[in-house]
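K.L.:
I need the structure of the sequence given here:
(one chain, ligands or ions: 1)
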Amino acid sequence: MGLFAKQKAEQQALSVPQHIAIIMDGNGRWAQKRGLPRTAGHAAGCETFRRISNYCREIGVKYFTVYAFSTENWKRSQEEVSAIMNLMEQYLREAIRDMQKNRVKICFFGDLSRLSPELRALAEDAVNQSHDFEIQANICLNYGGRDEIVRAARVFAQECADGKRKPEELTEELFSQNLYSAGVPDPDLIIRPSGEVRISNFLLWQSAYAEYYFTDVLWPDFDEAELLRAIESYHGRSRRFGGVKK
Ligand code: FPP
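P.N.:
You can find the predicted model right below:
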């Protein structure tokens, strides 16, 4: 059996998590190992994103969320930040071009106001042209989990100040509606490649009951087989959501 057929058979034997989220880490080290500039690592990481997001769609993952650029990533060199933003622009142009073929709803988690007007316009086009599709890709761009929570708290505080709400009305469900992820089920599985074992401000609220999968593979080397290993590992665990194992 060929590798792809084998992967297909394995994938059919597993039911896939509804929502997979990935911290795309290790691009810089991948490039460094090859004597290439960090920007080459991001270009390779972007290719991996294309491949893995297509694969997720193929195997029936309904929600796919990636950490593309954090609120802290602005501290990187101007050259590196521009390279990542250019890759994002290029990706969005393609996504808009292939929209009817791929049928993926594109959403952004993060504050897009700091992006260039061109990139913001592309992001808005991608969102507007895809909102009827069922499979959803969430791109975390200028995103931070704490920032997201503070913004949601501010919205509620303002509603209280305006007399529209009372503090005691606040519930987890109501609070969730003010997060970027409103309406999106929490991630079942969060994957972090590259050997780092940290959350790094990613989906802090939404990850309350997520299973984590850590691997040493650097993001540009991450492939379909590695994704299936992560799903397999997820299935090997029993999720109890704070309850008792049956
Ligand atoms: C982390 O690796 C990666 C990033 C900060 C950028 C990720 C961006 C892309 C893959 C391209 C654009 C994405 C989309 C969705 C089109 P790192 O640079 O921190 O790696 P290191 O820890 O090895 O230095």
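K.L.:
C-alpha from now on. contacts and neighbour counts both.
P.N.:
OK.
K.L.:
so the residue located most distally from the centre of the chain is in which element?
P.N.:
When distances are taken from the C-alpha mean of the chain, Gly163 lies farthest, 35.5 Å away, according to Cα atoms, centre = their mean. When elements are assigned from DSSP states H and E, Gly163 belongs to no helix and no strand.
K.L.:
from Ala225, how far out is it?
P.N.:
The gap separating Gly163 from Ala225 is 53 Å, by Cα to Cα, to the nearest Å.
K.L.:
kindly report the same for Pro185.
P.N.:
Using Cα to Cα, Pro185 is found at 25 Å from Ala225.
K.L.:
who has more neighbours, those two?
P.N.:
For Pro185 versus Ala225, neighbours defined as other Cα atoms under 10 Å are more numerous around Ala225 (15 against 12).
K.L.:
now name the helix or strand holding the more buried one.
P.N.:
Element membership for Ala225 (DSSP H and E) is helix 224-235.
K.L.:
what is the mean pLDDT for stretch 28-44?
P.N.:
Mean pLDDT, stretch 28-44: 98.
K.L.:
and that stretch with the ligand, contact?
P.N.:
Yes - against the ligand, stretch 28-44 shows contacts by Cα under 6 Å from any ligand atom at Gly28, Arg29, His42.
K.L.:
flag every residue of the chain that's near the ligand.
P.N.:
By Cα under 6 Å from any ligand atom, the part of the chain that sits against the ligand consists of 24-29, 42, 45-46, 68-69, 84, 87-88, 91, 139.
K.L.:
let's go with 5 Å and repeat that
P.N.:
Residues of the chain lying close to the ligand by Cα under 5 Å from any ligand atom are Asp25, Gly26, Asn27, Gly28, Arg29, His42, Gly45, Cys46, Ala68, Met88.
K.L.:
sorry, back to before: pLDDT (mean, whole number) over the helix holding Ala225?
P.N.:
Mean per-residue pLDDT for helix 224-235: 95.
K.L.:
what helices and strands are in contact with that helix?
P.N.:
Helices and strands touching helix 224-235, by 3 or more Cα pairs under 8 Å, 6 or more residues apart in numbering; DSSP states H and E, are helix 3-13, strand 189-192, strand 211-214.
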